[in-house]
Structure formats: structure tokens, C-alpha cells
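In: Any chance you could fold what I've pasted below:
(2 chains)
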Amino acid sequence: MIVTHALTKRFGRILAVDSVDLRVAEGDRYGFLGPNGSGKTTLVRMLLGLVYATSGEIELMGRPVPKRVAEVLPEVGALVEGPAAYPHLSGRRNMALLDAAGKGGPMRSRKRRVDDALEQVGLASIDSRPVKAYSLGMRQRLGIASALLRKPRLLVLDEPTNGLDPRGIKEVRELLITLNEGGTTVFLSSHLLAEVEQLCTRIGVVDRGRLVLEDDVSGMRAPTGRILVDTPDPTAAAALLDGQLEARDGERLIVRHADPAELNALLVQGGVRVAAINPERRSLEQVVLDVTGAGSDRFDGRTP
Amino acid sequence: MIVVELRKLALRPRVWASLFLLCLLPAIVGVFLATADFAPPPGQGGAFLSAVLSNGSLYPAAALALVLPIFLPLSVAVTAGDSIAGEASSGMLRYLLARPVGRTRLLAAKFVALAVFILVAVLLVVATSLALGLWLFGGGAEAVGGPGGVTSLSGPTLSTTGLGLRLLGAIGYIIVSMLGFGAIGVFLSTVSDSALGAALGALGVLITSSVLETLDAAAVVKPYLPTHYWLSWIDFFRDPVFWRNIDSGLLLQAGYIVVFFGAAWANFATKDVTS
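Out: The predicted model follows:
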């Protein structure tokens, strides 16, 4: 769906995107993670043909960008760096203008298209107040509705849940999952780990313009081979597990062991009461923090 | 896309406010003239103002002479400056281009919309001032006692159809003049992301040009100043029509349109849209 090869963008002396090789397959829910200022938005803009690459290639649905971007953009819905609208017009009017601006889609069905998109994001019964009177969450929903206007095959969303309350975030997540199950590829750029962790099947991490990690979420979060055991009898357990015990913190033990069920049986047979037992998994946060540096919005005394 | 741009203009309260103000200035002047009831001495005040008292149907020409130096270019500068930069600052530019709307198409639609705006502005000024002129000063017949003709600037009397044709010619000429100036505004609008900055830049060009116009030392560049032939539309009201300046003016404005629209296109088509 999206393939980039050695994609590079330089703004004067600043290297915003540094030879990125991105691969997003059809049907993915791809999470694009990175600290602030790491080049996420620049890359998204290059995908949409808004910013021209300094070097490297982009292919969107098999077509080169920006050369033949006009052929693929009708099938792409985008939300880039927050929603935008003409503030003095109503949301419906804004969407109708945007719909009329692009090719395709007869005028007769315009109202229906707009209504469908608004309904999908929960703005079905919005009145005719101008967008400047909208709340942040309503604007965000309107932005997502605009992206959905053409029933796109690929959704490119930059921080889609910005400004939404927890219920709104959940609704958007469910909407994206439903769309994805219907065949839409979702490319989500975000710095909110929890959001990506709950939604995405595949993750790319960018840091200072470079793609430092690209993997399936399941692969990233594979068990580490260690087991966390909570027990009210830590001393007895420690004695029992001599050699396999890696760390002990009050009533929590970290044990190197392959199988939690077997370990549990072993502990119980040895007379140790077990309150909780779980295989240790790396959190996405840990994975991302391991591969990224401080965001470029931080300016400490020393250079990194 | 052109339809969309026109709809956007029409839905904008600011556009209507500027059109209203354009029509207001001639109306104010007309009311003062009518109440004072004595003509400005010929050769002073705005063009045609002395002739208007005797024939109200000449008032549209006087009104155009009133709005042309400042008010009309001002509203053109604001609209042209807003064309691309306004979309950029509202954030809609990226969504329009990702729609996708081709960059050349968007720019062309903006330019056509600007032309329509100028046309509507000039026509509104003419229509309101014609109505006002006829109402305040009459059609000229009873004032002069003559056959209802209008005296041309050169002396001979003009027929009503002749006057109409001359007025149409003048309107067309003014629209082309404003488009040449508007092209500068559109170009600046693709350079800056601030609509205000682009409009002020265009006004800066206007003021510079007007200042140089009065400066004898700048005689060399005078024939190339954007404002140099602006007032030549008055030549349509001479008898016979004095074509030389009109032709030069049209040629000069065509040059400005080609150069600055070309520059706007070259800049916009290759620009990174980061707004």
C-alpha cells in the first residue's frame, strides 16, 4: 500500500526525514510512532504530495508519488496535523465544498455522502452553527468525517484522537477497527503509545528522521522468558526457586522460567501461596523508549 | 473548482462588506453634491463631477473615478492576497491539495474568482451610482433643455447608446487594469502564508507606483508602472475615443498578468506546502 525507499527530506540545514524505508501492506493497521519533531508529519505530507522529497522514492498503491499522486489521492482519506475548516461556515457546508472541490461523485448524491460521513463520526444531527463555535472534539470529528468522505481504501491519520474525550477516543478506535475489517488500510501517526498499542497491528518507530524499528505488535510484545510472581510468602518461594530467581521486590519475584503453569504447580506443591502469576511482556513504551532519544522539542544544555 | 471558489467568495461576509463600502463612497459624494447644489469648478475635484450635476447618467463614470485610485485596488489587494495565503493559514490548503485539486487548477480557479469579484464590484458601483445619479440629478433633459445628450470631454454630444458603449468599454478596461494589479497580489499570496502580508505587499506596490508616478526623475520607468495607464479609461469618454493610451494600457496590464501569474504558478507548483 505504502512503500518508500531511502526517502529523505532536508529543510535547509535540518534533515527532517533521513532515508526511510517504510512498508505498509494492504489491510494493516499501521502505527507510526515517534517523539515530537521526529519527522512524522513531514513524512505524511510527502506521502500526500504536499511536500516534495529531497531524494528517495514513494509508491502509493503501486503508483509513484508525487508524479502520479493525482491518480491515488481520490482513494486516500487524510487528516494531517489537526482538522481544518472555514470557520464562518457550518460543518455540513464545509464538507459539501470539499466534496465539490475534488473530482468524482455526482452532485445529486453529495448530501448523502456528507450525511454518511458525518454519521460515521457521530455528528449525524449536527445543526448549522458555524465551525468556529465547535468544540475541539467536534472539529476533530469533522476532520475525520472529511477524511472518510470518499470511502477511501487508505486512511492516513495524524493524531486522530487529539482533543477527544475518553469516550470519543474509544468511538474513533472502534470506527477505525470496523473500517479496517471492511478492507481499509489505516496508517496512524501518533505519539500516544496507548492509542497505538490498542489499535495497531504493525508499528514503525521513527526517531530524528530515521526509521529505527518496524515490526508486528505481537512480535514486539513477545514474552521475555521471565515470569512475574506475586506471593505473600516471598522468602519461602525464594528458597524454593534458588537459581532461577532473578530479582525480588517485596512480595514480587521475577523468575526465569519457560512455563507459568508449571512454575505455579511447583510453587504450590512447595507450600507457597501464589497471589498472581504472569509471563513478563515488554510494554510498547519500553520498546519505544529503548530505540528513541529525547524528542526534538527538548533543548538541554548538552547536545545528544 | 471555479464554481467552488465562487461559492466560497459568495459565502464570505467580508466580501459583501467590501462591496458595500465600495458602493458607499460614491453615494456619500453624490448626496453632498446634490445638497450643496453648486458644481465643483471644472478641472478640480474628481473627473466628471462638474458634468454630473447637469446629467445624472454620467454619474457612474464619476463614481468609477472616485473608487479607482484607492478603494477598488484595496479590495482587490485583500481578495487577491487572501487567495492562496488565506487557504494556507486556515489549514484548508493541505486538504484541498490532498483532495486532490491540482495546484495549477486551484490557482487558475482563484484567478478566475478574482476576475469575477472585480467584475461584480465594478458592475455594482456602476449600477448603484447610475440609479443614484438619475435620482439625484435627473437624466439631464430638463436640466440642459437639450435632447438628453451627454457632452463628451471633447465637446460633441454623445448619444445614449454611445454613452452606454463607452461605459462598457471603460468597465472592461478597469477590470483588466485591476487584474494586472491582482496578479501581483496572487503572486505574493503564493509566497507568503499570511493573507494580510500578501495584501499589504500588493498595496505597497500600489503606493510605490503612485509615488513614482508623480516623480519627474522616474520618467524612465513611468510607462511600465502598473498604475500608469489606470486613468486612461477616461479616454473612452472623449470624442472620438482616444485609443493610444488605452492600447498601451491593455498591453501593459496583459504583461503584468502573464508575468505575475506565471511567477505565481512557478512558485506554487513547486512549493512545499507545510502550512
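In: Now for A:L228: which residues touch it?
Out: When the contact criterion is Cβ atoms under 8 Å, 6 or more residues apart in numbering or on different chains, the partners of A:L228 are A:R252, A:L253, A:I254, A:V255, A:A276, A:I277, A:N278, A:P279, A:E280. The way it works is simple: take the backbone N, C-alpha and C, and place the C-beta from them, glycine included.
In: what's the spacing between the helix or strand hosting it and its chain's center?
Out: In this structure, A:L228 sits in strand A:223-230 according to DSSP states H and E. For strand A:223-230, the gap between its own C-alpha mean and the chain's C-alpha mean amounts to 27 Å (Cα atoms, centre = their mean, to the nearest Å).
In: which parts of it are buried?
Out: Within strand A:223-230, the residues that qualify as buried by neighbour count (16 or more other Cβ atoms under 10 Å in any protein chain shown) are A:R226, A:I227, A:L228, A:V229, A:D230.
In: Check what pLDDT the closest residue in space to A:R139 that isn't next to it in sequence gets.
Out: Nearest in space to A:R139, with sequence neighbours left out and distances taken as Cβ to Cβ, 6 or more residues apart in numbering or on different chains, is A:P83 at 4.9 Å. At A:P83 the predicted local distance difference test score is 92.
In: Find the helix or strand that A:P83 is a member of.
Out: In this assignment (DSSP H and E), A:P83 forms part of neither any helix nor any strand.
In: again with A:I58
Out: Using DSSP H and E, the secondary-structure element containing A:I58 is strand A:55-60.
In: quick one: contacts of that strand?
Out: Contacts for strand A:55-60 (Cβ under 8 Å, 6+ apart): A:1-8, A:19-20, A:46-47, A:64-66, A:69, A:72, A:76, A:154.
In: give the contact list for the residue nearest to A:R139.
Out: Counting by Cβ under 8 Å, 6+ apart, A:P83 makes contact with A:R139, A:Q140, A:L142, A:G143, A:I144, A:S146, B:G91.
In: List only buried entries from those.
Out: Listed as buried from these are A:R139, A:Q140, A:L142, A:G143, A:I144, A:S146, B:G91; burial here means 16+ other Cβ under 10 Å.
In: could those go into JSON lines alongside secondary structure?
Out: Putting those into JSON lines (DSSP: H, G, I helix; E, B strand; the rest coil) gives the following:
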{"residue": "A:R139", "secondary structure": "helix"}
{"residue": "A:Q140", "secondary structure": "helix"}
{"residue": "A:L142", "secondary structure": "helix"}
{"residue": "A:G143", "secondary structure": "helix"}
{"residue": "A:I144", "secondary structure": "helix"}
{"residue": "A:S146", "secondary structure": "helix"}
{"residue": "B:G91", "secondary structure": "coil"}
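In: And the pLDDT for residue 116?
Out: No chain in the question, so chain A it is. Per the predicted model, pLDDT is 92 at A:D116.
In: that answer is for a different chain, and I need it for chain B
Out: According to the predicted model, the pLDDT of B:V116 comes to 95.
In: Okay, now the unreliable bits of the chain?
Out: With no chain named, the answer covers chain A. Within chain A, the stretches falling below the threshold (pLDDT under 70) are A:104, A:294-304.
In: you looked at the wrong chain, it should be chain B
Out: Per-residue confidence for chain B (pLDDT under 70) gives these ranges: B:37-47, B:139-156.
In: and it, which residues reach chain A?
Out: B:1, B:3-4, B:7-8, B:11-13, B:90-92, B:94-102, B:270, B:272-274 (Cβ under 8 Å from any Cβ of the partner chain).
In: So how do I select the buried members of the residues you listed in ChimeraX?
Out: Those of the residues of chain B next to chain A that count as buried under 16+ other Cβ under 10 Å are selected in ChimeraX with:
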select /B:1,4,7,8,12,90,91,92,94,95,96,97,98,99,100,101,102,273
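In: follow-up on the earlier one: direction included, what does the strand holding A:L228 pair up with?
Out: strand A:252-256 (antiparallel), strand A:276-281 (antiparallel) (DSSP bridges).
In: is it possible to export those to TSV including mean neighbour count?
Out: Shown next, in TSV, are those (neighbours: other Cβ atoms under 10 Å in any protein chain shown):
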stretch	mean neighbour count
strand A:252-256	18
strand A:276-281	14
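In: so which of the ones you listed gets nearest A:D165?
Out: Proximity to A:D165 (Cβ to Cβ) singles out strand A:276-281 among the strands paired with strand A:223-230, at 28.8 Å.
In: Heading C-terminal from the closest one, find the next helix or strand.
Out: Note on strand A:276-281: by DSSP H and E, the next helix or strand toward the C-terminus is helix A:284-291.
In: who's in contact with that next one?
Out: Outside helix A:284-291, the residues within contact range by Cβ under 8 Å, 6+ apart are A:L33, A:L193, A:V196, A:E197, A:I203, A:V205, A:D207, A:V212, A:L213, A:V217, A:M220, A:R221.
In: what's the spacing between that helix and its chain's center?
Out: For helix A:284-291 - counting by Cα atoms, centre = their mean - the centre lies 14 Å from the chain centre.
In: That one vs strand A:223-230, what angle?
Out: With axes from the mean of the first three to the mean of the last three Cα atoms, to 10 degrees as the basis, helix A:284-291 and strand A:223-230 are set at 130 degrees to each other.
In: how about helix A:284-291: buried residues?
Out: Of the residues in helix A:284-291, those buried (16+ other Cβ under 10 Å) are A:L284, A:V287, A:V288.
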